[in-house]
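# Okay, here's the prediction I keep looking at, along with the sequence it came from:
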Amino acid sequence: SILSGAIESFIGGGADNRILGSAFDSTIAGGSDNVIEGGASYAGIGGGRSNTIQTNADYATIGGGIANTIATNAALATIGGGTGNTIASNAASSAIGGGSDNSVQFSSSDATIGGGRLNIIDPLSTTATIGGGDGNHIHAAAPSSTIGGGSGNQIGLSVSYATVPGGRDNVADGSYGFAAGRHARANHMGAFVWADASDFNFLSSAVNQFSARAVGGVRFVSSIDIFGTPTAGVSLAPGGTSWGVISDRNVKKDVAPVDSRGILEKLAALPITQWHYRWEEGNVTPHIG
């Protein structure tokens with residue numbers, strides 16, 4: 001049904017679809033039990049079932065799906081489809097691409113959730129983005145922050161311009177922070193935390209700090225050959241405490257012998273000792289230095 005006052009509005013077909021009064025030039029193409037409420041002019045629902053565009057959400061669009069809602073005054077908002085997705089009141093120009101039970105909350109204008117499920121952008125997080133994944137959460141007043149995907153990732157309260165690209169259970173709790181991998185915690189402003197798959201929290205400890213947990217070792221490669229094989233750089237072995245050199249004889253020139261005796265004499269004069277670290281157990285080769 002199209003109620004009186006819904007001037008130039010249109011319902012293409014389906015069953016039990018309704019456009020209420022004062023919803024000028026609005027359209028429901030088909031489906032069932034879809035509603036465009038009064039005052040939501042130029043709004044559109046493509047199809048699906050039990051989708052609702054509420055009062056004064058001008059130019060809002062729901063493509064289809066089931067039980068999706070664009071709330072009051074969320075003008076120009078869009079839900080592509082899926083089920084149980086919600087754009088709350090005053091979240092103008094926000095968008096949810098699809099998925100299930102995703103939510104852009106009050107006054108988070110220009111925010112985006114691409115898809116996935118149970119992803120939330122809290123109130124006042126304008127221009128925030130969650131690409132997808134499961135159970136990701138951008139807390140309130142976190143403008144222009146981004147979670148790319150993954151599961152259980154968070155950006156904290158009143159944190160701006162922070163990034164979690166994906167992974168699992170990562171938290172960026174400082175503005176301009178970056179947390180990636182598993183259980184990374186960028187707790188300080190400008191902190192960059194990269195965590196491996198170990199099932200323990202890995203926390204930043206200072207502002208503008210770079211932290212990486214990689215119990216399988218680290219490599220920085222500064223040169224490769226024509227086959228892409230590393231020929232120069234440095235590496236840190238698992239459990240190591242000093243950098244080793246990635247070296248390839250084939251890329252060197254001007255190779256000449258040295259005074260071996262002189263080098264040995266200088267080496268013999270050094271105060272060299274051997275030891276184990278306190279955390280090392282069992283038959284571990286001693287360290288020398």
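Yep, it's here. Residues are numbered from 1 along each chain as shown.
# and the residue sitting nearest the centre point of the chain, bridged to which residues?
By CA atoms, centre = their mean, the chain has its centre lying nearest to residue 147, at 1.7 Å. Under DSSP bridges, the beta-bridge partners of residue 147 are residue 130, residue 164.
# my read: it touches residue 135, true?
No - counting by CB atoms under 8 Å, residue 147 stays clear of residue 135, with 10.4 Å between them. Every residue, glycine included, has its C-beta placed from N, CA and C.
# Quickly list what's touching both of these two.
Here residue 147 and residue 135 have residue 119 as joint contacts, going by CB atoms under 8 Å, 6 or more residues apart in numbering.
# neighbours around the nearest residue to residue 117 once chain neighbours are set aside, how many?
Leaving aside its chain neighbours, residue 117 sits nearest to residue 100 (4.5 Å; criterion: CB to CB, 6 or more residues apart in numbering). Neighbour count of residue 100, defined by other CB atoms under 10 Å: 17.
# Now the residue of the chain most remote from its centre: which helix or strand?
Residue distances from the centre of the chain (CA atoms, centre = their mean) peak at residue 261, which lies 58.0 Å from the mean C-alpha position. Assigned by DSSP states H and E, residue 261 belongs to helix 260-268.
# Other residues contacting that helix?
Against helix 260-268 from outside (CB under 8 Å, 6+ apart): no residues.
# buried ones in that helix?
Within helix 260-268, not a single residue qualifies as buried, counting by 16 or more other CB atoms under 10 Å.
# One more: stretch 214-231?
230, 231.
# Can you list phi and psi of the residue nearest to residue 117 for me?
phi -140, psi 140 (degrees, to the nearest 10).
# ok, now which ones touch it?
82, 83, 84, 85, 117, 118.
# And the fifth one, its phi and psi?
Same thing as residue 117. phi -150, psi 150.
# Tell me, what's the model's pLDDT at the residue nearest to residue 117?
For residue 100, the pLDDT comes out at 98.
# Run through the bridge partners of it.
Under the criterion used (DSSP bridges), residue 100 bridges to residue 83, residue 117.
# got it, and residue 138?
Going by DSSP bridges, residue 138 forms beta bridges with residue 121, residue 155.
# how close does it sit to residue 24?
Distance, residue 138 to residue 24, by CB to CB, to the nearest Å: 34 Å.
# between the two, which one's more packed in?
residue 138 (32 against 17).
# my read: that one touches residue 144, true?
No - Residue 138 lies out of contact with residue 144 (CB under 8 Å); the separation is 10.2 Å.
# Overlap in contacts, the two.
residue 128.
# Residue 222 against residue 233, yeah?
Yes - using CB under 8 Å, residue 222 makes contact with residue 233 at a distance of 4.6 Å.
# What pLDDT does the model give residue 21?
86.
# Spit out the contact partners of it.
Here residue 21 is in contact with 3, 4, 5, 6, 38 (CB under 8 Å, 6+ apart).
# same thing but 10 Å
Residue 21 makes contact with 2, 3, 4, 5, 6, 7, 9, 37, 38, 39, according to CB atoms under 10 Å, 6 or more residues apart in numbering.
# where's it, which helix or strand?
Short version, using DSSP H and E: residue 21 is in no helix or strand.
# Excluding chain neighbours, what is closest to it?
Residue 21 sits nearest to residue 5 (CB to CB, 6+ apart), 3.7 Å away.
# What count of nearby residues applies to the one you found?
Neighbour tally, residue 5, other CB under 10 Å: 14.
# Then residue 207?
There are 13 residues near residue 207, going by other CB under 10 Å.
# quick one: low-confidence parts of the stretch 1-150 of the chain?
Within the stretch 1-150 of the chain, no stretch has pLDDT under 70.
# and residue 206, how far is that from residue 154?
21 Å.
# let me redo that: residue 18
Distance from residue 18 to residue 154, by CB to CB: 39 Å.
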